[in-house]
Structures are given as structure tokens and as C-alpha cells.
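In: Predicted model, plus sequence, below.
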Amino acid sequence: MVLDGREALMLFIIEDTINGILMGSIYGLAAMGLTLVFGVLKVINFAHGSLLMVGMYVAYWTVILTGMHPYLSLIVVVPFMFLFGFLLQDILIKPIFKSEKEVREPITVIIVTTGVWYILDNLSLLVFGPQYRNIQDNPLRGKMLEFGDMLVSVPKLWGFCAAIVTAVLIYLFLQKTRMGRAVRATSLDRDAASLQGINQYRVYNISFGIGTAVAGVAGVALVPFYNIFPTVGVLFDIKCFIIVVLGGLGSIGGALLGGMIIGVIESVGPQFMAATWTEAIVYALFLAFLFLKPSGLFGKQKELEERV
């Protein structure tokens, strides 16, 4: 079937929109961990992108050393990353919260997570070298689904499914479990939660561990089609921060929707303008939300005003 110019353009736009939503959902998946940590600890984790990078390397070496399917590496990546995040919070960040009990948002935590970012990136550079790595014997690389004249990336489709499942699991954890209710109570008022007998530091450790594990899930979703290198986390750190601002600080659903918005802009934009302009649109959107609606799409304005 031969399409005229207008029909072909419309087809390309629909195809790019679908693939943009799929890729954006993976961005949103990565941002869920960041927004979850912020929602509870009330601080931005600047090492989040580096933690995603660690998750990608763990997934990569698990596949290389065992020969298992890339997605089966989740059984190794998720517990490893949870434990890594739990210990990182317990050893480095918890002492800061204990020493600065009267400070709602300890600036020292931001400094520490920035230091962790530099340490992890440079340590991975030292251990693995600067070269780009990917899984050579990869059954998913370049695999596409055909819908008429449209092509949809299979790895990105699986990433979309992982993002939806992860969002649902986080929601069920927060709403239906005892620990989830403790997490929500601590995020609302940690002092009141402590008076109710909730160990806020244990909640912090578990929340940070879950946020890190979610970053690991995003890393597994990326490994089948994305190159792995020591500074790959920087790219996602910036995107995750933009997505969290768009979706609303502390909002899981907002992170998913914000990621999809960024994904569609990056995918559809080059059909009409240079790729550099699409990046400019993303940053312009970020600044617009920051100044005009700092609470984001699903954030709580009241809480934001109290923090300011």
C-alpha cells in the first residue's frame, strides 16, 4: 500500500508517539524511585542516576556471567539494589538525620548524595573503563512488532509493562501494607509518626532501599537496547529531576505521566525541528512548571507552601 505525503507523515507521528510513550514510561519508571525517596525523606537524591547505572551494570554482568535472559536478571538486581540502597541510607544518610533532627530538609544529605554520585561514577570508570558495553547475544535487540505499517519496539513495550506493574506494586505497598501505611504517615509528619511508635529511621532505610530497587528495575528495562557506560546515570539523573518536577514531587502517578510527556516530546519533536530544539522545549517546560506550577501535575501545593 502506497501512502501519500500527508498520510505517511501522520503514520510517522502516530508511530513516534507510541514509541515516545513507551520510552517515556521507562523514564517515568526511573523517576518513581527518585520521587518515592523525596516523598518520604523530603530531600532530592542526586545519586539516583548513578544508582540506576549500578543497576544496569549488575544486570549486564548477571546476563554475561550466567547467560540468563536479560529480564530474568531482575531476580538478582532487585534484591541487590534494595540492599545497596538500604545500607547506603543506614550508613551514610541516617547519621545526618539523627544529628540534624530539628531540620526538616537537611542540606547535608544533598551534599552527601552528590558525593556518592561522584564516587560511584568514578569507581565504575576505574573498574569497568570508559568503553560502552551492551549485551551482544541479545534476543531482544532490534526486535519490533508490526502493526500494519507501524513498528513498535519490543524492549520498550516490555519496559512500559514493567513501569505499569511497578507503579501498581508501589501503590499496593503504600495503601495495603502495614509498612506502607507507616511510610505514608512518616512522609506526612515524621514527628507525629514517631509519637505513634513508628521507627522513622527504619522507614527511611526501607524507602531508600525501595527507591534504589526501582532504579534497578529501570536499569534492567534499559539494558536490552541501551548502551552501558560509567556516566550513563547523568543523562537519566537530569531527566528524572525534570520528570519529578513535572509530575509533582512525591507523586508516583505523576512521575509516570511526566516521563511519558518527555518521551513523546523527544520522539515526535524531531519530525518538525532539530533534535536540539526538542531538548530546549523539555527544559522550557521544566522552567514553566517550576515558576508557574511548582507543585507539578499531581503535587500538593499546600505541602509545598509549608516547605517554602
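Out: In hand now; what should we look at?
In: Let me see the contact set for Phe291.
Out: Residues near Phe291 by C-beta atoms under 8 Å, 6 or more residues apart in numbering: none. Any C-beta I mention is one placed from the backbone N, CA and C, and that applies to glycine too.
In: And it, how far from Ile242?
Out: Going from Phe291 to Ile242 by C-beta to C-beta, to the nearest Å gives 14 Å.
In: mind listing the helices for the stretch 101-250 of the chain?
Out: 107-128, 154-176, 178-188, 190-195, 200-222, 232-247 (DSSP state H, counting those that start in this stretch).
In: Compare the mean pLDDT across those and name the weakest.
Out: Lowest mean pLDDT within the helices of the stretch 101-250 of the chain: helix 190-195, at a mean of 82.
In: name the helices or strands packed onto that helix?
Out: When contacts are defined as 3 or more C-beta pairs under 8 Å, 6 or more residues apart in numbering; DSSP states H and E, helix 190-195 packs onto helix 178-188, helix 200-222.
In: gap between it and the chain center?
Out: 28 Å (C-alpha atoms, centre = their mean, to the nearest Å).
In: outside of it, which residues touch it?
Out: By C-beta under 8 Å, 6+ apart, the residues outside helix 190-195 that reach it are Ala182, Ala185, Thr186, Gln200, Val203.
In: Pull the contacting residues for the last one.
Out: Spelled out, that is Val203. Val40, Met179, Ala182, Val183, Thr186, Ala193.
In: again, only using 10 Å
Out: By C-beta atoms under 10 Å, 6 or more residues apart in numbering, Val203 lies in contact with Val40, Leu41, Met179, Ala182, Val183, Arg184, Ala185, Thr186, Ser187, Arg190, Ala193, Ser194.
In: Could you report the neighbour count for the fifth one?
Out: When neighbours are defined as other C-beta atoms under 10 Å, Val183 has 23 of them.
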